[in-house]
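A.B. asks: Based on what follows, work out the 3D shape:
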Amino acid sequence: EYIIKHSYLRKHCEIDFFGGEPLVNMPVVKHLVEYVRRREKETGKQFKLTLTTNGLLLNEENRKWLNDNNISLVLSLDGRKEVHDRYRVDYAGKGSWDRIVPKFQKLVESREGTDKTYYMRGTFTHANPDFMKDIRTMLDLGFTELSMEPVVTAPYDPTALTPEDIEIVKQELR
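C.D. replies: Here you go, the predicted model:
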């Protein structure tokens, strides 16, 4: 309601579900999407809905629902296996690469030939300032919609990019 009220004459609005893992609470996501779709009809507004996921809870039921409801997806994959598994671990400390890559591939395959959007979102950190290797890995896996973003953290965090890393990043960008 806040967005509707404060978007004034703007017709196109956007809501992103992210932070933690939205699929943990699918009932709330579903309720909000149903509410937004109803309010679109009542107000004439059009909402683009996007959900960011780490993929662990991406199952057939969730994939179908996300596709059926035209939810754009941001798929978190930090790059090559060793980079991704360094930070993306489960409660037991085991990396998630092997579990999520097939789920992401199946989801992308289910969207081919449609206007349903996705993109892989990776993060480059002190562990992978040579992020072009990560982009190549994603391309080799069949993902074509890619975004690599720098880590945003305190300078003392071990993932923070150092001045030396920045020089590597500059070379990668060239």
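A.B. asks: Mind listing what's buried along stretch 113-128?
C.D. replies: 116, 118-125, 127-128 (16 or more other CB atoms under 10 Å). No exception for glycine: its C-beta is placed from N, CA and C like everyone else's.
A.B. asks: what's the most distant pair in those residues?
C.D. replies: The span of these, defined through CB to CB, is set by Lys116 and Ala127 at 31.9 Å.
A.B. asks: re the thing from before, just the buried residues of stretch 113-128: which has the poorest pLDDT?
C.D. replies: Among the buried residues of stretch 113-128, Lys116 has the lowest pLDDT, at 78.
A.B. asks: residues in contact with Thr159?
C.D. replies: Shown in contact with Thr159 (CB atoms under 8 Å, 6 or more residues apart in numbering): 87, 125-127, 151, 153.
A.B. asks: my bad, Trp65
C.D. replies: Going by CB under 8 Å, 6+ apart, Trp65 touches 26, 30.
A.B. asks: likewise Ala154?
C.D. replies: So Ala154 contacts Ala160 (CB under 8 Å, 6+ apart).
A.B. asks: go on, the one 3 residues further on?
C.D. replies: Taking CB under 8 Å, 6+ apart as the criterion, Asp157 is in contact with Val151.
A.B. asks: rewinding a little: how about TSV for the buried residues of stretch 113-128, with distance to Lys103 added?
C.D. replies: Shown next, in TSV, are the buried residues of stretch 113-128 (distance: CB to CB, whole Å):
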residue	distance to Lys103
Lys116	16
Tyr118	12
Tyr119	16
Met120	12
Arg121	15
Gly122	16
Thr123	19
Phe124	23
Thr125	23
Ala127	23
Asn128	22
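A.B. asks: From the contact counts, what lies against the longest helix seen in the chain?
C.D. replies: Using DSSP state H, we find that the single longest helix of the chain is helix 26-43. Applying 3 or more CB pairs under 8 Å, 6 or more residues apart in numbering; DSSP states H and E, one finds that helix 26-43 contacts strand 12-17, strand 46-53, helix 60-68.
A.B. asks: Deepest-packed of those, please.
C.D. replies: Among these, strand 46-53 has the highest mean neighbour count (mean count of other CB atoms under 10 Å), at a mean of 18.
A.B. asks: quick one: it to helix 60-68, angle?
C.D. replies: Angle, strand 46-53 to helix 60-68, by axes from the mean of the first three to the mean of the last three CA atoms, to 10 degrees: 150 degrees.
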